[in-house]
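In: no sequence for this one, just the structure:
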């Protein structure tokens with residue numbers, strides 16, 4: 001059997017005979033002069049970093065979490081918007097009239113959960129009170145105590161179409177109501193006018 005050196009020489013002779021005319025580098029022509037191949041450096045691979053443990057919810061929490069979310073979704077609007085009061089305050093209950101020209105035969109009647117507007121003679125419209133809101137208004141009093149209150153009453157007819165009435169209530173010196181959008185009209189309780 002021929003050695004590697006003999007096979008290489010034979011290969012070189014065939015290449016020259018074929019007319020390639022190329023010369024191989026000396027180290028390939030004479031294998032005794034060739035240097036040993038450079039050994040590959042082995043990459044040092046340390047131990048793989050431990051994978052970070054993924055955080056998960058405990059099984060019991062995962063089981064009850066949807067129920068807690070639904071409970072909070074239902075409870076939040078109830079806590080944020082407490083039940084509305086639809087009862088008219090006692091200081092407003094009664095008939096209110098004005099002596100302003102053109103409105104002498106008009107009236108506003110507040111009952112516990114209803115409001116009625118008289119439009120002259122015996123004509124009038126009655127409504128159901130849906131919500132009553134009140135807030136004190138600063139009226140520039142010296143002592144900072146507010147005597148004026150802003151009332152907003154939402155009311156509706158049987159067809160559920162809602163209307164809104166906003167007015168200022170002043171208890172002194174005479175109980176009066178002044179509409180927010182009609183400040184020239186002063187309504188007094190039981191026909192008293194200031």
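Out: Okay, I see it. It should be emphasised that the depicted structure is a prediction, and the values quoted were computed from it without experimental measurement.

In: okay, and the helix or strand of the protein with the least pLDDT?
Out: Lowest by mean pLDDT, DSSP states H and E among the helices and strands of the chain is helix 26-29, with a mean of 59.

In: which sections of this protein are below the confidence cut-off?
Out: 1, 19-50, 80-83, 139-146, 191-194 (pLDDT under 70).

In: Grab the longest helix from it for me.
Out: Across the chain, the longest stretch assigned as helix under DSSP state H is helix 59-80.

In: contacts for that one?
Out: residue 57 (CB atoms under 8 Å, 6 or more residues apart in numbering). No exception for glycine: its C-beta is placed from N, CA and C like everyone else's.

In: Just the buried residues of whatever helix or strand comes next after it, please?
Out: Downstream of helix 59-80, the first helix or strand assigned by DSSP states H and E is strand 94-97. The neighbour-count check on strand 94-97 (16 or more other CB atoms under 10 Å) flags 95, 96, 97 as buried.

In: again with stretch 112-122
Out: 115, 118.

In: Could you name the helices and strands sitting against the helix or strand that contains residue 108?
Out: Secondary structure from DSSP H and E places residue 108 in strand 106-111. Here strand 106-111 touches strand 94-97, strand 114-120, going by 3 or more CB pairs under 8 Å, 6 or more residues apart in numbering; DSSP states H and E.

In: and residue 106, how many residues sit next to it?
Out: The tally of other residues near residue 106 (other CB atoms under 10 Å) stands at 18.

In: I figured it hits residue 120, correct?
Out: Yes - look at residue 106 against residue 120 with CB atoms under 8 Å: they come within range, at 6.6 Å.

In: The longest strand belonging to the chain: what's the following helix or strand?
Out: Assignment by DSSP state E gives strand 123-137 as the longest strand of the chain. Sequence order places strand 148-156 as the next helix or strand after strand 123-137, per DSSP H and E.

In: Next, the angle from that next one to strand 114-120.
Out: Counting by axes from the mean of the first three to the mean of the last three CA atoms, to 10 degrees, strand 148-156 lies at 90 degrees to strand 114-120.

In: Relative to strand 148-156, what are the paired strands and their orientations?
Out: strand 123-137 (antiparallel), strand 162-170 (antiparallel) (DSSP bridges).

In: Let me have these in TSV, extended by mean neighbour count and distance to residue 8.
Out: TSV is the format used below for those (neighbours: other CB atoms under 10 Å; distance: least, CB to CB, whole Å):
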stretch	mean neighbour count	distance to residue 8
strand 123-137	14	105
strand 162-170	16	104
